[in-house]
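**Q** Sharing a sequence plus its predicted fold:
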Amino acid sequence: MLFYYLRLSALSYKRNPILSSLMVLAVAIGISAYMVIYTLNYVMGGNPIPQKSEQLFHVQLDIGNPNQSFDPPRQLTYLDSMALMRDGRASRQTMSSKFVGIIEPENPELRPFRSVGRGASADFFAMFDVPFLYGSSWNEDADTNLQQVVVLSRELNERLYGGGDSTGEILNMEGNTFQVLGVIDEWNPVPKYYDVNNGPFDTGEEIYLPWNLIPSLELSRAGNTSCHKPVVGVGWQAFLNSECVWIQYWVELETPEAEADYANFINNYGAEQKQLGRFEKPLNNNILDVEEWLIEQEVLPDETKILSALAAMLLAVCLLNTIGLLLSKFLSKSPEIGVRQALGAHKGSLFIQHVIEAGFIGLIGGLFGAVLAGFGLEGVKVLLGEDLMQTDWIQLDLNLIAITMLMAIMSTIVAGLYPIWRACNVNPAIHLKTQ
Amino acid sequence: MEIGPILRAMIRNKLGAVLITLQIAFTMTVVINAIFIINERSNLMARPSGLDEANTFYLSSVGYGDEFNGVVTVRDDLERLRQTPGVVDATVTNAIPVSGSGSNTGVRLVDDEAAATSFAAYYRVDEHAIETMDLDLVAGRNFAAEDVQWRAGSEAITTRELIISQQLANNLFPDREPNGVLGETMFINGSEAHQIIGVVEQLQGPWPSNSSVELSMLQPNSSVGSSATYLIRTEPGQRDRLMAEVEEMLVASNSNRIIRDLMSLEQTREGSYRIDSAMSTILWAIIITLIFITSMGIVGMAVFGINRRRKQIGTRRALGATRLEILRHFMVENLMVSTIGVTLGAILTIAFSIVLTSSFNMPTMAWYYTPLGMIALILIGQVAVLGPSSGAARTEPAIATRSI
């Protein structure tokens, strides 16, 4: 029966190709526009590490000028991160920040180049589920003993070592030598939750090393530094002792008890520092899990929120259009429906037939819409460019195609309910008379 | 005009009229608000930075290895750059206007930590900055060569002269002429007292999306370590040629460094405003699509309505109605539906604009957007319905007598 109705739908499409194609076009355009914006919203506002986002917490301590009512800064000072790190209260913890360095390749054919790297603690890789291609990360001894070891990104490994297993190689950077311990696989979480300071869609770093090497080798710091008090004195030591915030601090806490315990711990730490006179503001320390942190940081741009509303209205216009066109189409079939009713078709089967016909239009609209959405996403990618932010994630996936199809079929059927009802309630007598 | 009969005829097909009304209302809401957003963005993008952007570019030099001498390199490079034919002037700077990356600080007029601070982006430059950036000095003087401090590494700043943007001067000293702020003291970085020696008409900071983008100042010092950024202005039309030549020249002059970030200010501006221009393009696509869909809807519904009433039209023609009267019937019918649509649309447009203003920090829409939008959508409706209506007007009177 289904196939019979599908064939009827196809016949009906062919009989009225312009009207039917207009409907398909309306559904396709509405759905694709909505899906493009939906994808942007879904990924940009999505959860980059769903498997453990509730166990990873970003730590904020409210230092700052008591005369200004700013929110707690995003990052921590060197003094505070070192104090939290020494205590090691959480099951895992990492301080991390960006640096830049000049890499001088062994290969004489390669010119020296500048690379953006990240200093991190040993736990960083396990905490954020960073996938390894070769080797592994360093351990805590490397952190404390300032071992000169590095982990490379896949791209940097390709550039320096042609993509092979480079563990054990010696790398020259900023006049120091480092041993390669491992190479990570493609890893570009969107949003870049572990460091949103240079925008939530910033590209990842190319080289990772134990964080303590940044001050000990006096590497050039990168990322964001914010000071609420002037640095007293000059040089690295003065900077380390300053009230400048520049280090991201994350902890992994497996249970709600551990979370409560840690919140308590940083509040006690804050109270202690307040007594010492360092923290001058009322206590307002925060630990936020990944999703809370991304919401707090408002990583979803205003643009996509505005576009969502506009795309929803565009879809509404397209569906209103479809209602009108379906109505015209079904009513123009009234004589045929009248004949079928006179021959004994009851309302139920007429209803099913027209639901299938509407669904058929939706299906074709959805197929066409998925193609349009694919082009739309490519267009957005071109508009945003690859040079300034990560855009690899802007693409059509199977999930999205499935949602698009389903949405197209469902919305066409919903749009068709009134026209279908009208079609089922045709008075056969009138139409039979005029034949 | 036969408004009464047209209205009664239309009421016989209420749903069609309601559908078109709603489409017009939504379309108007989206189109008007989108055009407003596009205009806002293009106003933002059109703000000048104060620099001669068309003829300016920059690059960074990053040295490495033990033999590299930062101080000597920077002095040599600047000398070489300024002697290059076609180069108007060059300076060293810690940040590039409109680039999205730079430094800012809080400035105070009194030496008191509790006092309010004003935001100010700062550029640490030498005495060639005003000429290189092509800034208009509206009061005071430029830095002198002896004012400039070349700091090795993180040596403390000892310079006390400042040139500030006129907007910063206005913010700190409202109601004063630029000349009136010369010699005033500003406190930066705690209690360092600095003197205003000059005011430039306009100089944007590095962050174009910041509401304080016009608040900036120049300081006559430069930290010379392993890396330095040079800003270079060329004679008109020479920029692209010189970008390539200068890079080559600097690379050749010293093997212990790399040259990176070679970019014209126009490229930088394009990158900094990329989101805004992408947004505008997407909005244009939405506007065009919507107008297309709605016009198709109007055409579709008109054709449907006309076909259903083909016989009645023939009857009217047989009873003496002229073609023009038939045409007018459908044009007036559309006009009535459109009028209700744009009235509803005006309410929705204003409501949506209020939501945008309150939730997204957008400015309030000027009053004329809504009435202009109403007129535009009525015109679009009339154009869309013109084809089907003239089709209807060609109906032969004889059709009234056929087929029964």
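**A** All right, it came through fine. Numbers count the residues shown, from 1 in each chain, chains lettered A, B, ... in the order given.
**Q** Distance check, residue A:323 against residue B:296.
**A** Residue A:323 sits 14 Å away from residue B:296, going by C-beta to C-beta, to the nearest Å. For the C-beta atoms, the positions are set from N, CA and C on the backbone; glycine is no exception.
**Q** tell me the SS of residue B:68?
**A** On the three-state scheme (DSSP: H, G, I helix; E, B strand; the rest coil), residue B:68 is labelled coil.
**Q** isn't it right next to residue B:257, touching?
**A** Yes: Residue B:68 is in contact with residue B:257 according to C-beta atoms under 8 Å; the separation is 6.4 Å.
**Q** okay, those two: which has more neighbours?
**A** Of the pair residue B:68 and residue B:257, residue B:257 is the one with more neighbours under other C-beta atoms under 10 Å in any protein chain shown, namely 24 against 19.
**Q** Residue A:95 falls within a strand, correct?
**A** Yes: remark: residue A:95 belongs to a strand, assigned using three-state DSSP.
**Q** so who does it touch?
**A** By C-beta atoms under 8 Å, 6 or more residues apart in numbering or on different chains, the contact list for residue A:95 reads A:76, A:81, A:82, A:85, A:119, A:120, A:121, A:211, A:247, A:248, A:249.
**Q** any chance you could map the strands in the stretch 1-150 of chain B?
**A** Under the criterion DSSP state E, counting those that start in this stretch, the stretch 1-150 of chain B carries strands at the ranges B:56-63, B:87-93, B:103-108, B:118-124, B:137-140, B:149-152.
**Q** out of those strands, which comes closest to chain A?
**A** strand B:56-63 (5.7 Å; C-beta to the nearest C-beta).
**Q** which element is residue 229 on?
**A** No chain specified, so I'll use chain A. Here residue A:229 sits in a region with no helix or strand, counting by DSSP states H and E.
**Q** That was the other one, I meant chain B.
**A** Using DSSP H and E, the element containing residue B:229 is strand B:227-234.
**Q** now could you export just the CA positions of that strand as CSV?
**A** The C-alpha atoms that make up strand B:227-234 are tabulated as CSV, following Å, rounded to 0.1, in the frame of the first residue of the first chain:
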residue,chain,number,x,y,z
SER,B,227,61.6,40.4,18.3
ALA,B,228,60.4,43.7,16.8
THR,B,229,57.4,44.8,14.7
TYR,B,230,58.0,47.5,12.1
LEU,B,231,55.2,49.7,10.7
ILE,B,232,56.0,51.1,7.3
ARG,B,233,54.3,53.7,5.2
THR,B,234,55.0,53.9,1.5
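**Q** between whatever helix or strand comes next after it and strand B:87-93, what angle do the directions make?
**A** The C-terminal neighbour of strand B:227-234 among helices and strands, as given by DSSP H and E, is helix B:239-253. With axes from the mean of the first three to the mean of the last three C-alpha atoms, to 10 degrees applied, the angle from helix B:239-253 to strand B:87-93 works out at 60 degrees.
**Q** got the angle for helix B:239-253 vs strand B:56-63?
**A** Computed with the same axes, to 10 degrees, the direction of helix B:239-253 lies at 10 degrees from that of strand B:56-63.
**Q** what's in contact with helix B:239-253?
**A** Contacts to helix B:239-253, defined as C-beta under 8 Å, 6+ apart, come from residues B:54-57, B:59, B:61, B:76-77, B:80-81, B:84, B:86-87, B:232, B:234, B:257, B:259, B:262, B:264.
**Q** Name only those of these that count as buried.
**A** When neighbours are counted using 16 or more other C-beta atoms under 10 Å in any protein chain shown, these contain these buried positions: B:55-57, B:59, B:61, B:77, B:81, B:86-87, B:232, B:234, B:257, B:259, B:264.
**Q** Could I get the full set of strands for the stretch 251-400 of chain A?
**A** Per DSSP E, counting those that start in this stretch, the stretch 251-400 of chain A has strands spanning A:286-289. These are given in chain order.
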